[in-house]
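K.L.:
my questions are about this predicted structure, shown below with the sequence.
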Amino acid sequence: MNVKKTKMIPRERYLNKIRPHIGKPYIKILTGVRRGGKSTILKMIAEEISTKNPNANMVFIDYELYSNSEIADADKLYRHASGSAKKNAMNVLMIDEVQEVNGWEKVIASFHNEGVFDVYITGSNSRLMSSEFSTYISGRYVSFNIQTLSFSESLDFKKTIENGLSDEEVFEMMQRQGGFPVVWISDHSDNDAYAVIRDIYSSIVLRDIVQKHGLRNDTALKRMVAFLCDNIANSTSLNNIYEGLSKKYGRMRKETVYKFCEYLEEAFVFYRVEEEGLKGKALLSPKYKFYLSDIGIKNALLGYRSEDVSKHLENIVFLEMKSRGYDITIGNVNGNEIDFVCKRDNSRIYIQVAYRLSSEKTIEREFGNLKMIQDGYPKYVVTMDPDWMTGDIDGIKFIHVKEFLKMDL
């Protein structure tokens with residue numbers, strides 16, 4: 001099937017990461033939450049390949065389309081793709097939402113070993129590269145985690161549709177409606193945006209959790225999602241989640257709570273961020289925080305609450321750093337928390353997130369915790385306080401969130 005050329009807004013942050021791997025002899029894997037933009041990025045790559053090599057043979061299979069349901073098993077997929085290959089041509093195989101195919105792992109591994117196709121796949125499950133698949137192609141793939149729109153990308157989308165919003169208004173819209181691209185390609189009211197997001201969320205729960213894991217009832221799962229949404233950015237443990245859910249909704253099996261956490265992480269609804277000791281001492285009982293893959297999910301399910309802005313801000317900064325390719329932990333310095341320790345290659349960045357810096361106590365906490373770290377890496381206090389736009393205190397930079405999200409880091 002040929003990929004039609006349609007007007008798409010380039011997401012250069014990801015395209016720049018993928019381009020160096022085009023044509024290389026390993027599998028390219030794009031993962032992330034459903035409707036987060038994987039399919040569009042895949043089509044952008046397809047268009048770039050076709051533009052540079054008009055004779056390239058593009059085999060594009062989208063399992064979101066009902067027309068492809070007839071080839072949703074391993075044997076039929078293999079025969080369909082193999083029969084579409086051409087001799088003496090650059091054959092490119094792109095499969096969108098590959099996890100919809102039973103036994104896809106052996107098929108993709110076989111295509112890689114045969115060397116006929118340059119292979120690209122997407123999937124909405126974080127375990128796409130684990131278990132059986134990894135045993136087939138260990139070390140022979142490169143993966144890219146695709147997030148919903150960042151602030152800079154939201155600005156690009158709004159400029160493209162020319163709605164005249166200021167940067168301030170775009171940020172306000174982002175913290176209310178999140179970053180699902182389908183929300184940003186049109187002007188939506190909050191209510192309309194939340195209806196779209198609830199549909200996306202329902203699809204995730206049904207297809208990636210309920211059907212995949214054979215759940216007979218999703219009531220407990222939905223309660224857990226609501227609980228975690230209400231507690232994003234709060235330091236916790238699985239036992240704390242179990243006790244909190246049991247107190248609010250009645251006794252649940254601890255094993256069920258643990259499994260549901262795993263399912264929600266696999267489906268990219270939440271990211272779990274672990275705590276790390278920064279002074280060389282192992283933490284006796286390390287905690288972690290949960291962040292949503294898109295803040296719009298929380299607002300769509302629970303309603304937007306202005307008192308939660310500080311949580312929204314922390315979630316947005318987390319997703320920004322993750323989209324830039326950083327590995328992120330929560331820092332602990334002698335019991336004092338560093339919101340984000342962001343590592344990439346051989347460098348790191350420390351970040352404190354504060355909604356307002358309106359009291360001496362808050363200022364001392366946010367800057368004081370960072371002062372305990374003396375390794376010379378950049379340190380930031382990121383805030384929405386209009387009186388703290390940009391500056392420096394004892395080598396620690398403070399910056400307004402809108403400017404931080406647009407920085408080169």
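P.N.:
Good, I have the coordinates.
K.L.:
for the residue nearest to the spatial centre of the chain, give me the backbone phi and psi.
P.N.:
Averaging the C-alpha coordinates of the chain gives a centre point, and the residue nearest to it by CA atoms, centre = their mean is residue 147 (3.6 Å). Backbone dihedrals for residue 147, given as degrees, to the nearest 10, come out at phi -100, psi 160.
K.L.:
show me the contacts for the closest residue to it other than its chain neighbours.
P.N.:
Take residue 147 and drop its neighbours on the chain: the residue closest to it by CB to CB, 6 or more residues apart in numbering is residue 323, 4.3 Å away. Yep, even glycine has a C-beta here, placed from its N, CA and C like the rest. In this structure, residue 323 makes contact with 13, 147, 150, judged by CB atoms under 8 Å, 6 or more residues apart in numbering.
K.L.:
nearest to residue 380 among these?
P.N.:
Sorting the contacts of residue 323 by distance to residue 380 puts residue 150 at the head of the list, at 16.6 Å, by CB to CB.
K.L.:
need the contact list for that closest one.
P.N.:
For residue 150, the set of contacting residues under the criterion of CB under 8 Å, 6+ apart consists of 13, 179, 319, 320, 323, 405.
K.L.:
related to what we said a few turns ago, how far away is the residue nearest to the centre of the chain from residue 33?
P.N.:
Taking CB to CB, to the nearest Å as the measure, residue 147 and residue 33 are separated by 8 Å.
K.L.:
same question, residue 194
P.N.:
16 Å.
K.L.:
same check, this time on residue 43
P.N.:
18 Å.
K.L.:
buried set for stretch 218-235?
P.N.:
Of the residues in stretch 218-235, those scored as buried under the neighbour-count criterion (16 or more other CB atoms under 10 Å) are 218, 220-221, 223-233.
K.L.:
secondary structure and distance to residue 58 added to the residues you listed, as JSON lines?
P.N.:
Shown next, in JSON lines, are the buried residues of stretch 218-235 (DSSP: H, G, I helix; E, B strand; the rest coil; distance: CB to CB, whole Å):
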{"residue": "218", "secondary structure": "coil", "distance to residue 58": "38"}
{"residue": "220", "secondary structure": "helix", "distance to residue 58": "44"}
{"residue": "221", "secondary structure": "helix", "distance to residue 58": "38"}
{"residue": "223", "secondary structure": "helix", "distance to residue 58": "44"}
{"residue": "224", "secondary structure": "helix", "distance to residue 58": "41"}
{"residue": "225", "secondary structure": "helix", "distance to residue 58": "38"}
{"residue": "226", "secondary structure": "helix", "distance to residue 58": "43"}
{"residue": "227", "secondary structure": "helix", "distance to residue 58": "44"}
{"residue": "228", "secondary structure": "helix", "distance to residue 58": "40"}
{"residue": "229", "secondary structure": "helix", "distance to residue 58": "40"}
{"residue": "230", "secondary structure": "helix", "distance to residue 58": "45"}
{"residue": "231", "secondary structure": "coil", "distance to residue 58": "45"}
{"residue": "232", "secondary structure": "coil", "distance to residue 58": "40"}
{"residue": "233", "secondary structure": "coil", "distance to residue 58": "42"}
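K.L.:
if we only consider the residues you listed, which is nearest to residue 307?
P.N.:
Taking CB to CB as the measure, residue 307 sits nearest to residue 230 out of the buried residues of stretch 218-235, at 11.6 Å.
K.L.:
could you check how far the spatially closest residue to residue 383 that is not a sequence neighbour is from residue 232?
P.N.:
Residue nearest to residue 383 in three dimensions, not counting chain neighbours: residue 354, with 4.8 Å by CB to CB, 6+ apart. Spatial separation of residue 354 from residue 232 under the definition CB to CB is 16 Å.
K.L.:
kindly report the same for residue 102.
P.N.:
From residue 102 over to residue 232 the distance is 34 Å, taken as CB to CB.
K.L.:
got the domain ranges for this structure?
P.N.:
According to the domain assignment given by automatic domain parsing, the chain is divided into the following structural domains: 12-145, 151-404.
K.L.:
can you tell me the closest non-neighbouring residue to residue 297?
P.N.:
When the adjacent residues along the chain are set aside, residue 297 lies closest to residue 201, with 5.7 Å between them (CB to CB, 6+ apart).
K.L.:
residue 43 and residue 33 - which one has more neighbours?
P.N.:
Neighbours were tallied for residue 43 and for residue 33 using other CB atoms under 10 Å; the higher tally belongs to residue 33 (26 against 19).
K.L.:
now that one, nearest residue through space, not along the chain?
P.N.:
Sequence neighbours aside, residue 268 is the residue nearest to residue 33 in space, at 3.9 Å (criterion: CB to CB, 6+ apart).
K.L.:
strands of the stretch 151-300 of the chain, start to end?
P.N.:
Under the criterion DSSP state E, counting those that start in this stretch, the stretch 151-300 of the chain carries strands at the ranges 270-277, 288-292.
K.L.:
could you look up the next helix or strand downstream of the lowest-mean-pLDDT helix or strand in the chain?
P.N.:
Every helix and strand in the chain was compared by mean pLDDT, DSSP states H and E; the lowest is helix 131-137, with a mean of 65. Of the helices and strands lying after helix 131-137 in sequence (DSSP states H and E), the nearest is strand 141-145.
K.L.:
how about residue 107, secondary structure?
P.N.:
Under the three-state scheme (DSSP: H, G, I helix; E, B strand; the rest coil), the conformation of residue 107 reads as helix.
K.L.:
and it, what does it touch?
P.N.:
For residue 107, the contacting residues are 74, 77, 78, 81, 101, by CB under 8 Å, 6+ apart.
K.L.:
neighbouring contacts of stretch 44-55?
P.N.:
Contact with stretch 44-55 is made by 3, 5, 8, 10-11, 15, 18-19, 22, 56, 58, 60, 89-90, 92, 94, 120, as judged by CB under 8 Å, 6+ apart.
K.L.:
let's see which of these end up in helices.
P.N.:
In helices, judged by DSSP state H, the following of the contacts of stretch 44-55 are found: 15, 18.
K.L.:
now list the buried members of the contacts of stretch 44-55.
P.N.:
The neighbour-count criterion (16+ other CB under 10 Å) marks 3, 11, 18, 56, 58, 60, 92, 94, 120 among the contacts of stretch 44-55 as buried.
K.L.:
can you put the residues you listed in TSV and add distance to residue 399?
P.N.:
Supplementary listing: those in TSV, determined by distance: CB to CB, whole Å:
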residue	distance to residue 399
3	41
11	24
18	30
56	44
58	43
60	42
92	42
94	39
120	37
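K.L.:
all good on my end, thank you.
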